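>>> missing the sequence, but the structure's below:
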């Protein structure tokens, strides 16, 4: 297994500018351990009900989901792999139903890429900036994987993520935005994080 996290390999010294709590979150866990977070999202899902049929398919792939609610409990488990990637599983506890989002962070051609879904069917290249201890990530390119075929997607949607430290833990804000629709999927909230 590599001695540096996928984040450290992608961003190098820029990660030293993060707040101490975020440096722990984005560093490589000790061998045999995973990062475990638990908290509550202030809001999670899509307000646009007419998108829900398409989001139901993406829920089957463990990419997005068709629900929308406030005060949604959640867990996140980040597990490093022997290949030097980082696999994340986020579980959203809606009333009467749990939803999972799965992703795997990898380095591709020197850039950080997020492979979303059970088989990494949606691939996003990410650009990062560190501002006042916060990490901001935005997508710069998207691809769809159909079997062995990797298809570039037009720039019709952008994912923006902000991670910052709070007094009692950490705060995450994720929004998917399109020029015509504005924000059409989001989740944001606070959580605590530890290594187990």
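Looks like it came in fine. Here the structure is a predicted model, which is why all the values come from computation and not from measurement.

>>> what sits against the residue nearest to residue 70 when sequence neighbours are not counted?
Nearest residue to residue 70 in three dimensions, chain neighbours excluded: residue 43, at 5.3 Å (CB to CB, 6 or more residues apart in numbering). No exception for glycine: its C-beta is placed from N, CA and C like everyone else's. By CB atoms under 8 Å, 6 or more residues apart in numbering, residue 43 lies in contact with 68-70, 72, 186-189.

>>> what about residue 86, how many neighbours?
21 (other CB atoms under 10 Å).

>>> give me every residue that touches it.
Residue 86 touches 5-7, 78-80, 104-105, counting by CB under 8 Å, 6+ apart.

>>> on that earlier part again, report the buried members of the contacts of residue 43.
With burial judged by 16 or more other CB atoms under 10 Å, the buried subset of the contacts of residue 43 is 68, 72, 186-187, 189.

>>> and which of those is nearest to residue 112?
Proximity of the buried ones among the contacts of residue 43 to residue 112 was ranked by CB to CB; the top entry is residue 187 with 20.1 Å.

>>> that older thread, mind listing which of the contacts of residue 43 are in strands?
Members of these lying in strands (criterion: DSSP state E): 68-70, 72, 186-189.

>>> Can you tell me how far the residue most central in space within the chain is from residue 143?
Among the residues of the chain, the one closest to the centroid is residue 103, at 6.8 Å (CA atoms, centre = their mean). Note on residue 103: its distance to residue 143, by CB to CB, to the nearest Å, is 14 Å.

>>> can you check residue 152 too?
Plainly put, residue 152 is 6 Å away from residue 143 if you go by CB to CB.

>>> can you redo the ones in strands among the contacts of residue 43 as CSV with distance to residue 117 and pLDDT?
Compiled in CSV, these are given as follows (distance: CB to CB, whole Å; pLDDT from 0 to 100):
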residue, distance to residue 117, pLDDT
68, 20, 98
69, 22, 98
70, 25, 98
72, 20, 98
186, 18, 98
187, 16, 98
188, 21, 97
189, 22, 96
